[in-house]
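> Quick one, structure for this:
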Amino acid sequence: MFAVPFESILGALGYAGVFLLMIVNGFISFPSSQILYIVAGYFASLGHLNIIAVSVVGALGNTIGNIILYEVVRAYGLGYITKWAMFPEREVKKVVFAFRRRGAWFLFLAKMLPAIKVFAPIPAGLSRMHRALFVPIIFVSSLLWSLIFLAIGYFFGKTEDVFGAYALVLSLIALVVVGIFYKYMNSKEVIEALEKESRH
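Model (predicted):
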């Protein structure tokens, strides 16, 4: 089962394994934090780990990974993101504009949703969000995210049914939020602001 590698890592490294894996997750969104925390929650139910300690260590690791991504994007800017032709420049500019208007809330909510959370530091870096605001938002949202899945693992175990059911629910929520944000990105307010910027 896909949880087995996490069991081996947590068994061998404990909190250090959580910390290192979450640094990597914060930078490239791999491995899955959901599965890691569910397995860690299961270990906590057996008395091998402490939920609060795992949550804090995991949130610190994820925050460090997100800071690395944020700093890379902040240092190299929009050109670095768009030169690989992965994201159209106009679309990235719309995301940055929307983020500037709804920055703190967007960052917090994005970090609480699967599939979206990995991209949260990118518009933050592009818009040069103040580090004193960026870091605590990332840490608090990462902490809450970890507690949700640690609780799932603690109370419901680590079966494939648990992974599948919660992944489906969270994916549906993520789609709704993405749809709302995408609608705002293409609103009259954003389009007019981009056109105004292009004329200057």
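> show me what contacts residue 107?
Contact criterion Cβ atoms under 8 Å, 6 or more residues apart in numbering gives 99, 120, 124, 129, 134, 137-138, 141 as the residues in contact with residue 107. (C-beta placed from N, C-alpha, C; glycine too.)
> tell me which element it falls in.
Taking DSSP states H and E as the definition, residue 107 sits inside helix 89-110.
> do residue 122 as well
Under the criterion of DSSP H and E, residue 122 resides in helix 121-126.
> Report all helices and strands that that helix contacts.
If contacts are counted by 3 or more Cβ pairs under 8 Å, 6 or more residues apart in numbering; DSSP states H and E, helix 121-126 sits against helix 51-82, helix 89-110, helix 131-156.
> pLDDT-wise, which helix or strand of the chain ranks last?
Least confident helix or strand of the chain, by mean pLDDT, DSSP states H and E, is helix 160-185 with a mean of 66.
> picking that back up, go through the helices and strands packed on helix 121-126 and find the least confident stretch.
Among the helices and strands packed on helix 121-126, helix 89-110 has the lowest mean pLDDT, at a mean of 73.
> Might you report the residue contacts of the closest residue to residue 134 other than its chain neighbours?
The shortest distance from residue 134 to any residue that is not its chain neighbour, by Cβ to Cβ, 6 or more residues apart in numbering, is 5.5 Å, and that residue is residue 124. Residues touching residue 124, when contacts are defined by Cβ under 8 Å, 6+ apart, comprise 70, 73, 99, 103, 107, 134.
> and the residue nearest to the second one when sequence neighbours are not counted, how many residues sit next to it?
Translated: residue 73. Leaving aside its sequence neighbours, residue 73 sits nearest to residue 125 (Cβ to Cβ, 6+ apart; 3.1 Å). The tally of other residues near residue 125 (other Cβ atoms under 10 Å) stands at 25.
> any idea how far residue 125 is from residue 34?
Per Cβ to Cβ, to the nearest Å, residue 125 is found 24 Å from residue 34.
> cool, and residue 49?
Plainly put, residue 49 is 17 Å away from residue 34 if you go by Cβ to Cβ.
> Counting neighbours, go ahead and name the busier of these two.
Under the neighbour definition other Cβ under 10 Å, residue 49 and residue 34 were set side by side, and residue 49 has more, 22 against 19.
> Skip the chain neighbours and tell me the closest residue to the more buried one.
Spatially, and ignoring its direct neighbours in sequence, residue 49 is nearest to residue 43 (4.6 Å; Cβ to Cβ, 6+ apart).
> In this structure that neighbour contacts residue 10, no?
Yes. With contacts counted by Cβ atoms under 8 Å, residue 43 reaches residue 10, the gap being 5.7 Å.
> Name the residues contacting each of those two.
Overlap of the contact sets of residue 43 and residue 10 (by Cβ under 8 Å, 6+ apart) consists of residue 49.
> Contact partners for residue 44?
Listed by Cβ under 8 Å, 6+ apart, the contact set of residue 44 reads 50-51, 54, 150, 153-154.
> How many residues are close by residue 157?
When neighbours are defined as other Cβ under 10 Å, residue 157 has 14 of them.
> my guess is it contacts residue 39, does it?
No. Judged on Cβ under 8 Å, residue 157 makes no contact with residue 39 at a distance of 9.8 Å.
> Thanks a lot, catch you later.
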